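In: Show me the folded form of this:
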Amino acid sequence: MRALAKVFAATAVVLALAAPAMAQQACAPADLTRFTAEAMVSDADLRAEAEAALHGCASFALDQFRNVGEIEERVLVHVAALAGRTSYATYAADEIPQVSPALIALIGAAFRPLYPHLHALPEQENTAAMRTIVFHLLAQSGPLSTGSVARPAAPPATGTRP
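Out: The predicted model follows:
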């Protein structure tokens, strides 16, 4: 039993030491200089790469929140910046942005720590990110969110009338 406790303790220490290295891979600081909103507006491939980076970083943040109970400040800043920039660039390119499922899961799990970083974005990026998130949530909730009711189906035909 003591050996098992030592194994668990050693595993916890290894994971604690490896977390910063995993954060560097998932949320590379170079992403913030590479994925600027201005560069992504005219480059669809760069937008796709930024969305993949956002998905990876948001997934890492969600895993970190689930395992440790908190998320590194640098990771939150990274997720918020990528979310704002990709949304803004997609709107500026006259496309409809798609929200990363990992970002939505992160917002659901860790809204309080993430919101100040989303709110601190430049106004255009903040507006684009919030609009993208709200429209995604409205689309997920279905037509009842607007108070509308589905149109009733026409009654079945009864055949020819005399």
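In: Could you look up the SS state of Val134?
Out: Under DSSP: H, G, I helix; E, B strand; the rest coil, Val134 falls in the helix class.
In: Would you map the helices across this structure?
Out: Ranges of helices within the chain are 2-26, 30-34, 37-41, 44-68, 73-92, 101-109, 111-119, 123-141, based on DSSP state H.
In: To Ala157, which of the ones you listed lies closest?
Out: Closest to Ala157 of the helices of the chain, according to Cβ to Cβ: helix 123-141, at 34.4 Å. Yep, even glycine has a C-beta here, placed from its N, CA and C like the rest.
In: Which of the residues in the closest one are classified as buried?
Out: Glu125, Asn126, Ala128, Ala129, Met130, Thr132, Ile133, His136 (16 or more other Cβ atoms under 10 Å).
In: And for stretch 43-55?
Out: Result for stretch 43-55 [16+ other Cβ under 10 Å]: buried residues Leu46, Arg47, Glu49, Ala50, Glu51, Ala53, Leu54, His55.
In: what's the answer for stretch 69-78, then?
Out: Going by neighbour count (16+ other Cβ under 10 Å), the buried part of stretch 69-78 is Ile71, Glu72, Val75, Leu76, Val77, His78.
In: how far does that stretch sit from the chain's center?
Out: Relative to its chain's centre, stretch 69-78 lies at 13 Å (Cα atoms, centre = their mean, to the nearest Å).
In: repeat for stretch 56-66
Out: 10 Å.
In: Quick check, central residue of this structure?
Out: Leu103 (1.7 Å; Cα atoms, centre = their mean).
In: what's that one in contact with, if anything?
Out: Leu54, His55, Ala58, Val79, Ala83, Ile133 (Cβ atoms under 8 Å, 6 or more residues apart in numbering).
In: what pLDDT does it get?
Out: Here, the pLDDT recorded for Leu103 equals 92.
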